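Asks: sharing a model that was predicted from the sequence below.
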Amino acid sequence: MKAIIIEVPGDPEVLKLSEQPVPEPGKDEVLIQVKAISINPIDFKTRKGGGAFGMLKNDDPIILGWDVAGVVIKMGASVVDFEINDEVFGMVNFPGHGRTYAEYVAAPASHVALKPSNISFEEAAATTLAALTAYQALYTKGNISAEDKVLIHAAAGGVGHFAVQLARIAGAYVIGTASSKNAEFVLGLGADEHIDYHGEDLENKVTGITLCLDALGGDNIQRSLELMEKGGRLISIPSGKNDTVEEEANAYGVVGSVFKVASNGADMKLLAGWLESGKLKPHISAVLALEEMALAHEKIESGRTVGKVVITVQ
C-alpha cells in the first residue's frame with residue numbers, strides 16, 4: 001500500500017511516499033480502506049520533532065495521522081459492532097500511533113463510528129480530531145449548558161469552527177474571535193458575536209464569560225481571564241504556551257485546565273448524529289491528494305486555514 005512516512009523530523013520535505021505492507025487487524029480492530037483523511041496542527045508539530053514525535057520516534061516506520069474515513073474490509077475476531085463494507089470514520093489511536101497517512105489503516109473498533117450516509121468521506125474525515133476536541137472540551141470537560149456565555153478563540157480554525165456550532169447546539173450564547181475577514185464565516189456558524197482579535201479591544205467588548213475555549217495560549221490566557229466571571233471555566237488546548245494556566249486562572253477565581261483529546265467511538269457516534277441531522281457541518285478549505293501531503297502541511301502550519309484541510313486517498 002501507499003503510505004506517507006517520515007524517517008527524521010524536519011520540514012515538509014521529510015514526508016515521503018513509500019510502499020508499506022497492508023496492516024493486519026488485531027482481534028478488536030477493523031481494517032479500513034481509507035478514502036479520506038484530514039490534517040491537524042499536531043501533525044506538523046510531530047513532523048518537526050515536537051507533538052507526539054517523542055512517543056513515536058522508535059517506531060519503524062513512522063506514519064503520521066489520526067483522522068480517517070473509509071470502508072471496513074476486514075475485522076478482528078472480537079469485533080461485533082461493524083460489518084464488512086460499513087462506511088466508518090474516527091480519530092484513531094490518539095494519543096498513540098494512528099498511522100492514517102496510508103491506503104489502509106488498522107483501527108480499534110471502539111475508536112470509530114458509522115459514517116452518516118448523507119455526508120461524504122471528505123466531510124467525515126474533517127469531523128474527527130478537531131470536532132472531537134471541541135466536543136470533549138466543551139461538553140465532557142467544560143460541562144457546557146444553555147446558561148453559559150462562551151468565548152471561543154480562533155473560531156474560524158479547525159477546532160474553533162466546530163466549537164462554535166457545538167456551543168450553539170447546547171443553547172449557549174457564543175462569542176467567537178477571528179480576523180475581520182472571517183467575521184461573516186464565524187457568524188454564519190451560529191456565533192452571536194464576532195470579535196476581531198487583530199483590530200478590536202477585546203477587554204472593552206466582552207464581559208461575563210462563564211466558559212472559554214482557548215487554542216492560542218500565552219498572553220491570550222491572561223486576556224481571557226480578565227473577561228471571565230468568578231467560578232467560570234477556562235479550557236486551554238495544548239499549545240506549548242499554557243503550562244501555567246491552572247495557577248493563572250486560580251488567581252482570578254476561575255477553574256483553568258489544559259485539555260487533551262482522546263479517541264472515543266461513543267463520542268464519534270454523537271457527532272455522527274449531529275452530522276446526519278445537519279446541526280453540525282465541517283468547513284473544508286482545501287482537498288488535496290496523498291501525494292500533496294507536504295502542501296497540506298504547509299497550509300496548516302501557516303495558521304491561516306479556515307476550517308479543515310482534507311486529503312483524498314483512493
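Replies: Received it, and whenever you're ready, just let me know what you need. Keep in mind that what you see is a predicted model, and the values were worked out from it rather than measured. Residues are numbered from 1 along each chain as shown.
Asks: which phi and psi values does residue 117 adopt?
Replies: Phi and psi for residue 117, reported as degrees, to the nearest 10, are phi -70, psi -20.
Asks: where are the low-confidence patches of the chain?
Replies: By pLDDT under 70, the weakly predicted segments of the chain are 199-200, 239-241.
Asks: list the contacts for the closest residue in space to residue 20 that isn't next to it in sequence?
Replies: Among residues not flanking residue 20 along the chain, residue 3 sits closest, at 4.4 Å (Cβ to Cβ, 6 or more residues apart in numbering). In short, each C-beta sits where N, CA and C put it, glycine included. Residue 3 sits next to 17-20, 61, 63, 99, 101-103 when contact means Cβ atoms under 8 Å, 6 or more residues apart in numbering.
Asks: list the strands paired with whichever helix or strand residue 70 is part of, with their directions.
Replies: Residue 70 belongs to strand 67-75 when assigned by DSSP states H and E. Sheet pairing here is set by DSSP bridges, and for strand 67-75 it gives strand 29-39 (antiparallel), strand 87-91 (antiparallel).
Asks: next, the buried residues of it.
Replies: Using 16 or more other Cβ atoms under 10 Å as the test for burial, strand 67-75 gives 67-72, 74-75.
Asks: after the strand or helix carrying the residue nearest to residue 20 comes which helix or strand?
Replies: Secondary structure assignment for residue 3, by DSSP H and E: strand 2-5. Next in sequence after strand 2-5, counting helices and strands by DSSP H and E, comes strand 16-19.
Asks: how close does the residue nearest to residue 216 when sequence neighbours are not counted sit to residue 146?
Replies: Nearest residue to residue 216, sequence neighbours excluded (Cβ to Cβ, 6+ apart): residue 153, at 5.4 Å. Distance, residue 153 to residue 146, by Cβ to Cβ, to the nearest Å: 21 Å.
Asks: pick out whichever of those two has more residues nearby.
Replies: residue 153 (27 against 8; other Cβ atoms under 10 Å).
Asks: the more buried one contacts residue 197, doesn't it?
Replies: Yes. Counting by Cβ atoms under 8 Å, residue 153 does reach residue 197; the two are 7.3 Å apart.
Asks: quickly list what's touching both of those two.
Replies: Shared contacts of residue 153 and residue 197 (Cβ under 8 Å, 6+ apart): residue 177.
Asks: so which of the strands paired with strand 67-75 is nearest residue 223?
Replies: strand 29-39 (28.4 Å; Cβ to Cβ).
Asks: following that closest one, which helix or strand comes up?
Replies: By DSSP H and E, the next helix or strand past strand 29-39 is helix 41-47.
Asks: list of residues touching that next one?
Replies: Contact with helix 41-47 is made by 6, 9-10, 12, 14-15, 51-53, 56, 64-66, 129, 158, 297, 300-301, as judged by Cβ under 8 Å, 6+ apart.
Asks: tell me what whichever helix or strand comes after that helix is packed against?
Replies: Going down the chain from helix 41-47, the next helix or strand is helix 53-56, by DSSP H and E. Here helix 53-56 touches helix 41-47, going by 3 or more Cβ pairs under 8 Å, 6 or more residues apart in numbering; DSSP states H and E.
Asks: then residue 113 would be within a helix, right?
Replies: No. Secondary structure of residue 113 (DSSP: H, G, I helix; E, B strand; the rest coil): strand, not part of a helix.
Asks: and the closest residue to it other than its chain neighbours, what element?
Replies: Leaving aside its chain neighbours, residue 113 sits nearest to residue 268 (3.7 Å; criterion: Cβ to Cβ, 6+ apart). Assigned by DSSP H and E, residue 268 falls within helix 265-277.
Asks: list the strands paired with the helix or strand following that helix, with their directions.
Replies: Using DSSP H and E, the helix or strand that follows helix 265-277 in sequence is strand 284-289. With DSSP bridges as the test, strand 284-289 is paired with strand 308-312 (parallel).
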